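Trainee: structure, please.
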Amino acid sequence: MTVAGFFEFKVTRKLFYVFAAISVLLVGISVSSLLYLNHTINRLSDSLYDDIYQNSKLILSADRDLHQAAVALQIAMGPNLTAAEGEQFTKEFIDNNLQAQERISLARANINGIKKTYSDMKQSGIILSELKNELRSFETTIVMWKNSGHTLITERTKSSWNPDSYSALTLNSQFNEARAHLDQAEDLIGNYALQVTDGFKDKKSALFSLYSLLLLVFLLVIIYLGRKIIWLQNEMLEEQTLYQLIGETMSDFIILTDPNGLILYASPSHSSILGYVPKKGDPLSNYIREPEIAWAKLKSVVQGTPRISELRMRGAEGQWVWLETKVSPVLGSRKFPAQFMLLSREITQRKQYEERLHKLAFYDHLTAIPNRAHFKMYMENLITQPGERKQKIALALLDCDRFKQLNDTLGHLAGDEFLQLLSRELQHTVKGIGQAFRIGGDEFAVVLHRFTSPEMLDETLQRLLKLFNKSWSVDNGSSFHTSASIGVALFPEHGSSINELLRAADLAMYRSKDHGGNKANLYYELVDEEFADQTIVKP
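Mentor: Here you go, the predicted structure:
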């Protein structure tokens, strides 16, 4: 059912027009009332904060500073203080008085800056005038108290000062007078808050009464619309039940996501292959493995047209299940995808069969390392790289010396065992700098393309010679000693194609074998003249 279905009401044209007019009127009145109410409340909040709470905090803080100044003065007048302690408490007395004066000056400035006038709140204006007078009187009183205290402190530092002459009566009188002004200011600012709050109460009561009436009218309208919506929801529920029945009984797997890749729906059929159903609200990337199906890339590729991809999902037991998935956009407004639907079927057996075919085609069945076909594909990929990505390549052909002797004395099974052992160690030796291939019975090719200097290449060739030149234990403990003849050709110096490089490496290998084996020779032109009639390895 589409969204338009919610507006398919079976009413007459006249009733529809009347309902629309009343709705517009009620909406207009309600919006106006809300705006006025919001303005009133904001006005009250601003007034209470700017005119009351902020300044009340300043007055209370000034009262605290004044008390701390009095404590510091009393200690400073003590008879047993050292000079350093006297200076410390004198400084506290001065600083606290200065802080109190600054706070009251800021409060006065704030109160003098109040520009809001309320015609029906005349009493609040009178309170503000009295508050200003109290703060002004406080500033006068605190100056007198501060001067008296400073005079006493000065006398206290003189050598002729008599502690018995000190009397706190005058200071206490001035201190109490200053605090009295602050206490009166606190009471006045509290009365001002009460006046402002009471002034708004009547307006708010009338406004809320009107708004309550509007809410009652809207409630009746909502009840009417609610009955219609319930009827429509019942119809939608029936359709949803039907769709759910289809999703639960079908064998394919369905996932619906939002534009950000969060799962909105996953069909129960997933549990038959995964052992669970992907959770609603989880990112799709939590369940898939292939980087090419990454959500950002998927969205850019699938804008407007479906796409078929092969991806893997992890099962409940950790296994990977291959799926062939059709990803389709579900268009929303303005022709942009509002959702994405993934319709999948399992292809695990097909992928396993393809993988077996790939291994049969590109890997040697005896040693399990890459074979001649893989070698050709590997070399073509390196040679055909763009100019800025081309690498220096060394092709080494390795022939096992005395391998025929092994087969003749210990048999072909022992020879196969030796080739398997050799292949594993050969792969390990060139790991990280190249790849090893078996291209014949006892002949191997090593492609090196991650060396950075001739010295590194020479070191690798020496390791290969050392690998071959040792005793091998085969056929349940029988010992066999071998070595290798190695020929090396460089790309592009000795050839620009696979055939040319193989020919050059093969000639260099024959030279190593001709000189007794256990050597690695690099191809050069004289080798071409010396061994040109030898059989050359074909790709």
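
Trainee: list the contacts of Leu256.
Mentor: 263-266, 330, 339-342 (C-beta atoms under 8 Å, 6 or more residues apart in numbering). C-beta: built from backbone N, CA, C; applies to glycine.

Trainee: and the next helix or strand past the worst-scoring helix or strand of the chain on mean pLDDT?
Mentor: Within the chain, no helix or strand scores below helix 295-302, which has a mean of 59 by mean pLDDT, DSSP states H and E. Toward the C-terminal end, the helix or strand that comes next after helix 295-302 (DSSP states H and E) is strand 307-314.

Trainee: quick one on the thing from earlier: check the contacts of Leu256 for burial and list the buried ones.
Mentor: 263, 265-266, 340-342 (16 or more other C-beta atoms under 10 Å).

Trainee: how about these in CSV, adding secondary structure?
Mentor: Formatted as CSV, these follow (DSSP: H, G, I helix; E, B strand; the rest coil):
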residue, secondary structure
Ile263, strand
Tyr265, strand
Ala266, strand
Phe340, strand
Met341, strand
Leu342, strand
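
Trainee: adding pLDDT and distance to Asn97, write the residues you listed out as CSV.
Mentor: What follows is the buried ones among the contacts of Leu256, written out as CSV (pLDDT from 0 to 100; distance: C-beta to C-beta, whole Å):
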residue, pLDDT, distance to Asn97
Ile263, 87, 68
Tyr265, 85, 72
Ala266, 86, 73
Phe340, 80, 71
Met341, 81, 76
Leu342, 82, 76
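
Trainee: widest-spaced pair of the residues you listed?
Mentor: Ala266 and Phe340 (12.8 Å; C-beta to C-beta).

Trainee: re the thing from before, now the buried ones among the contacts of Leu256 in a markdown table, with distance to Asp514?
Mentor: Listed next are the buried ones among the contacts of Leu256 as a markdown table, based on distance: C-beta to C-beta, whole Å:
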| residue | distance to Asp514 |
| --- | --- |
| Ile263 | 69 |
| Tyr265 | 73 |
| Ala266 | 69 |
| Phe340 | 67 |
| Met341 | 69 |
| Leu342 | 64 |
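
Trainee: which of those sits closest to Trp231?
Mentor: Tyr265 (25.1 Å).

Trainee: thought that closest one was touching Phe253?
Mentor: No. Counting by C-beta atoms under 8 Å, Tyr265 sits too far from Phe253 to count as a contact (11.4 Å).

Trainee: quick check: phi and psi at Pro79.
Mentor: Note on Pro79: its backbone torsions stand at phi -80, psi -20 [degrees, to the nearest 10].

Trainee: show the pLDDT at it.
Mentor: Here the pLDDT value assigned to Pro79 is 70.

Trainee: sorry, back to before: could I get the contacts of Leu256 as a markdown table with distance to Ile111?
Mentor: Output for the contacts of Leu256, formatted as a markdown table (distance: C-beta to C-beta, whole Å):
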| residue | distance to Ile111 |
| --- | --- |
| Ile263 | 60 |
| Leu264 | 58 |
| Tyr265 | 63 |
| Ala266 | 65 |
| Val330 | 63 |
| Gln339 | 60 |
| Phe340 | 62 |
| Met341 | 66 |
| Leu342 | 67 |
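
Trainee: distance check, the residue positioned nearest the centre of the chain against Ile263.
Mentor: Note on the chain: the residue nearest the mean C-alpha position is Pro283, at 12.9 Å, using C-alpha atoms, centre = their mean. According to C-beta to C-beta, to the nearest Å, Pro283 stands 8 Å off from Ile263.

Trainee: now do the strands in the chain.
Mentor: Secondary structure of the chain (DSSP state E): strands at 253-257, 263-266, 307-314, 320-331, 337-346, 393-401, 434-438, 443-448, 470-474, 478-491, 519-522.

Trainee: for those strands, which one sits closest to Leu81?
Mentor: Closest among the strands of the chain, using C-beta to C-beta: strand 263-266, at 76.1 Å.

Trainee: quick one: the closest one to chain centroid distance?
Mentor: Distance of strand 263-266 from the chain centroid (C-alpha atoms, centre = their mean, to the nearest Å) equals 22 Å.

Trainee: just stretch 508-526 next, same as before
Mentor: Mean C-alpha position of stretch 508-526 versus that of the full chain (C-alpha atoms, centre = their mean) differs by 58 Å.

Trainee: ok, stretch 382-401 next?
Mentor: 41 Å.

Trainee: pull out the buried residues from it.
Mentor: Neighbour-count burial for stretch 382-401 [16+ other C-beta under 10 Å]: 382-383, 392-401.

Trainee: ok, now which ones touch the residue nearest to Asp401 when sequence neighbours are not counted?
Mentor: Leaving aside its sequence neighbours, Asp401 sits nearest to Gly517 (C-beta to C-beta, 6 or more residues apart in numbering; 4.0 Å). Residues near Gly517 by C-beta under 8 Å, 6+ apart: 401, 483-485.

Trainee: just for the stretch 401-539 of the chain, where's the confidence low?
Mentor: 525-539 (pLDDT under 70).

Trainee: the helices in it, which residues?
Mentor: 403-410, 412-430, 454-468, 498-514, 525-530 (DSSP state H, counting those that start in this stretch).

Trainee: comparing the ones you listed, which comes out most buried?
Mentor: helix 498-514 (a mean of 22; mean count of other C-beta atoms under 10 Å).

Trainee: any stretches of the stretch 201-350 of the chain with poor pLDDT?
Mentor: Using pLDDT under 70, the flagged stretches of the stretch 201-350 of the chain are 201-204, 207-208, 222, 225-226, 229, 232-233, 236, 239-251, 289-305, 331-338.

Trainee: state the distance from the residue lying closest to Gln174 once chain neighbours are set aside to Ala178.
Mentor: Take Gln174 and drop its neighbours on the chain: the residue closest to it by C-beta to C-beta, 6+ apart is Trp145, 3.9 Å away. For Trp145, the distance to Ala178 equals 6 Å [C-beta to C-beta].
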